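In: with the input below, show me the fold.
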Amino acid sequence: MKITIIGAGNIGSAIARGFAKGRLVSSSDITCTVHTEDTFGRLKDANFSFRLLRDNVAAVKEADIIILAVKPWRIQEVIDEIRHVLHYDKQLIVSVAAGITFEQLNTFLTRNIDSDSLALPTVFRVMPNTAVEVMSSMTFIAASNASEEQTEQVLTLFRELGNVMLVEERLIGPGTALASSGIAFAMRYIRAAIEGGVELGFYPKEAQEIVVHTVKGAVDLLIENKSNPETEIDKVTTPGGVTIRGLNEMELSGFTSSVIRGLKASK
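Out: I've put the predicted structure just below:
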């Protein structure tokens, strides 16, 4: 399987490195297009055998899967550049551009076969988060004009990079808020807890170690026990205890409502 990633910036290069660490795709079968010396240097030094090109047209000619990882405002420009060499009968198009809908992608990609018929591509919208690089992403996938076999192929590919969820297109935006923006929200909690740990008397490195492993432990409990967060909270909130006092103080400051408002604003 040959994969081309158009636009190897932060998310594109993270996807490339994640695939290269997996078992399904050899790094030598991954082509990345780069347009800055900085990006070229970072990928060249990544200890993988990526094929690095500056020519988008040359990059897509032999690809089985083409991942469009450019900024949303560059999607039409890039598609216009490569559309004439795409083979819709054997190539899959994957867009990770936030906010670019199937309707827009199909408008950009559809081309005339003759005066009476149009060629329609198989297109996927994929929304990973930056944890793809460490193969721990929460990735949402929606499909358009795809067979079950093609959909399973894309799901299997991105399962190498973490957890995947096949969703309707309408849930890509909410998924972005929960999982992609959600990485930043989780990091902000971790940062705040570290600062609190320092105020409590720990050195910053000690506080970070404590908080990171505490968050990991909380996640592991939910995954292993398949439980609800409230169930795990109840286990440590004894009547009149310090935990419930801390939780109530956070709620008094709008903790839950702030999280919900932040998620809705990011949708």
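In: any stretches of the stretch 1-150 of the chain with poor pLDDT?
Out: Residues of the stretch 1-150 of the chain meeting the criterion pLDDT under 70: 111-118.
In: need phi/psi at residue 7.
Out: Residue 7 adopts backbone torsions of phi 100, psi 80, taken as degrees, to the nearest 10.
In: quick check: it touching residue 77?
Out: No: contact criterion C-beta atoms under 8 Å: residue 7 and residue 77 do not qualify, at 11.1 Å. All C-beta atoms are positioned from the backbone trio N, CA, C, and that covers glycine.
In: more neighbours: which of those two?
Out: residue 7 (24 against 12; other C-beta atoms under 10 Å).
In: residues in contact with the closest residue in space to the more buried one that isn't next to it in sequence?
Out: Nearest residue to residue 7 in three dimensions, chain neighbours excluded: residue 70, at 3.7 Å (C-beta to C-beta, 6 or more residues apart in numbering). When contacts are counted by C-beta atoms under 8 Å, 6 or more residues apart in numbering, residue 70 is found next to 6, 7, 9, 12, 78, 97.
In: could you tell me the end-to-end distance of stretch 34-47?
Out: End-to-end distance of stretch 34-47 (C-alpha to C-alpha, to the nearest Å): 17 Å.
In: okay, buried residues for it please.
Out: For stretch 34-47, burial by neighbour count (16 or more other C-beta atoms under 10 Å) applies to 34, 39, 43.
In: okay, and the last one sits in which element?
Out: Mapping residue 43 onto the secondary structure by DSSP states H and E places it in helix 37-44.
In: identify the residues contacting that helix?
Out: By C-beta under 8 Å, 6+ apart, helix 37-44 touches 8, 9, 13, 16, 32, 34, 50, 52.
In: tell me the helix or strand right after the helix or strand hosting the fourth one.
Out: To tie it back to what came earlier, the one meant is residue 16. Secondary structure assignment for residue 16, by DSSP H and E: helix 10-21. Toward the C-terminus, helix 10-21 is succeeded by strand 30-33 as the next helix or strand (DSSP H and E).
In: strand partners of that next one, parallel vs antiparallel please.
Out: strand 3-6 (parallel), strand 51-53 (parallel) (DSSP bridges).
In: return it as PDB; C-alpha atoms alone will do.
Out: The C-alpha coordinates for strand 30-33 follow below in PDB (Å, rounded to 0.1, in the frame of the first residue of the first chain):
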ATOM      1  CA  ILE A  30       5.000   6.900   2.400                       C
ATOM      2  CA  THR A  31       5.400  10.000   0.200                       C
ATOM      3  CA  CYS A  32       5.200  13.400   1.800                       C
ATOM      4  CA  THR A  33       5.200  16.700   0.000                       C
END
